[in-house]
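> coords below, sequence missing:
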């Protein structure tokens, strides 16, 4: 069955929501650090200066720029500057081994590296083609006129172009997904402006996130958990609370920032949230301003929602799971009251692209009946479509009269029209394991009709 979950397409590139708020609420707070508050105007001017500098080096659409920084406001300036120039960013840890970093820069044809003053000498040893140090007081802006630094330069970037490149795991690089094959480097996965915009718009809509919200940006920039901070909050005119350097590893400092600046949104992982809850509940403190927790997880302990309610009684918990292998969807589950006896778990799609739920004969499954999840070929990311795995999983569907991508997941279409993804079970794990091996033809479907799993762990499929 074709899911009827498509909504109007978001317009513009990922960073253009931020650029709009630079014009409409120039003096509103965009980023709060322990020692400085950046307004939208100041942050926009700094990011625009970086964008102009990159374009002056000939860096534009389809270029890759590495951001090698630890936690801080400089990361936000760097990412917005890269996107403003029309390029895509790739995060590499600044403490990365020199040989590994050089190999990464060579293999990915990196056009430039952006870093912080404290990492400049180390990053320079990587011998990048270009290097720009982002700091609060530099001569960058003096090299440009005030009119140049007040707005992002024009670029030829399209919504189908990559905005962010993510390093995958070593297993992916050694497998058949188009990675470098170099141990420790991992395959690259791309997120386009179009897909990123869809996901961020849907997350902010579901969670009612707006310009009044303040998000505590806890997680590393290179993780997908950080995307709602950068492109969710700043897209709607909200404020980011950002720890600096080593402060990002101190749970006591997390709580102080969240309390002092009245954070309302937290995007995090199960491990970080559990650490925060253990610390705060042991001290009897509550997160009174908390509204939303976006949790990136395959599963969560049954006791965690109850712990969160003790810590932040007014916060709702939205569990989000990305499937990087399908490169095509995100699933989300809003968890409210938890019945310990209710062990079924699933999530509904955040993506606005149409899915098809088909049976073994590639016929549409009726509403509420589980089936295999397929996606139109044009709905997958361009980078993933070029990989051997993607080509092997494309099948011709006579009912749709087009080629479809077999995601390897099970789901169903609810009566509301939303696609619900099932939590992983043995059937799905077998599919994923088989898909790691090189194949010359689409994997044969398992016998029998797939059923929605029952598990003793909460999970979002």
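That came in fine, so what should we check first? Every value quoted in this text rests on a predicted model; they were computed, and no experiment measured them. Numbering: from 1, shown residues only.

> and residue 259, how many neighbours does it have?
Neighbours of residue 259 under the rule other C-beta atoms under 10 Å: 15. The C-beta positions use only the backbone N, C-alpha and C, and glycine is treated the same way.

> before we move on, what about residue 117?
Burial of residue 117, expressed as a neighbour count using other C-beta under 10 Å, amounts to 12.

> quick check, residue 254 in a helix?
Yes. If the criterion is DSSP: H, G, I helix; E, B strand; the rest coil, then residue 254 is within a helix.

> which regions of the stretch 101-250 of the chain lie under the pLDDT threshold?
Scanning the stretch 101-250 of the chain with the threshold set as pLDDT under 70 gives 137-150, 168-188.

> mind listing the strands for it?
Taking DSSP state E, counting those that start in this stretch as the criterion, the stretch 101-250 of the chain contains strands spanning 112-115, 131-133, 162-167, 188-192, 214-216, 239-241.

> Please produce JSON lines containing these, extended by mean neighbour count.
Formatted as JSON lines, those follow (neighbours: other C-beta atoms under 10 Å):
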{"stretch": "strand 112-115", "mean neighbour count": "26"}
{"stretch": "strand 131-133", "mean neighbour count": "18"}
{"stretch": "strand 162-167", "mean neighbour count": "22"}
{"stretch": "strand 188-192", "mean neighbour count": "22"}
{"stretch": "strand 214-216", "mean neighbour count": "23"}
{"stretch": "strand 239-241", "mean neighbour count": "26"}
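
> Indicate which one of those is closest to residue 266.
Between residue 266 and the strands of the stretch 101-250 of the chain, the tightest spacing by C-beta to C-beta is seen for strand 214-216, at 5.2 Å.

> what's the closest one packed up against?
strand 239-241, helix 251-260, strand 265-269 (3 or more C-beta pairs under 8 Å, 6 or more residues apart in numbering; DSSP states H and E).

> Minimum distance to residue 198: which of those has it?
For residue 198, the closest of the helices and strands packed on strand 214-216 is strand 265-269, at 17.2 Å, according to C-beta to C-beta.

> by how many degrees do that closest one and helix 251-260 diverge?
160 degrees (axes from the mean of the first three to the mean of the last three C-alpha atoms, to 10 degrees).

> need the longest helix for this structure.
Across the chain, the helix with the greatest residue count (assigned by DSSP state H) is helix 40-56.

> Going by neighbour count, which residues in that one are buried?
Counting neighbours by 16 or more other C-beta atoms under 10 Å, one finds that the buried residues in helix 40-56 are 40-55.

> ok, now stretch 278-286?
Residues of stretch 278-286 classed as buried under the neighbour-count rule (16+ other C-beta under 10 Å) are residue 280.

> going forward can the numbers begin at 54, since that is how I track them
Done: numbering now begins at 54, and the last item shifts to stretch 331-339.

> who touches it?
The contact list for stretch 331-339 (C-beta atoms under 8 Å, 6 or more residues apart in numbering) reads 304-305, 308, 312, 340, 360, 363-366.

> relative to helix 93-109, how tilted is the helix or strand residue 74 falls within?
Element membership of residue 74, judged by DSSP states H and E, is helix 69-77. Between helix 69-77 and helix 93-109, the angle comes out at 130 degrees (the same axes, to 10 degrees).

> which secondary structure elements does the next helix or strand after helix 69-77 contact?
For helix 69-77, the succeeding helix or strand toward the C-terminus, using DSSP H and E, is strand 82-85. Applying 3+ C-beta pairs under 8 Å, 6+ apart, we find strand 82-85 packed against strand 90-92, helix 93-109, strand 292-294.
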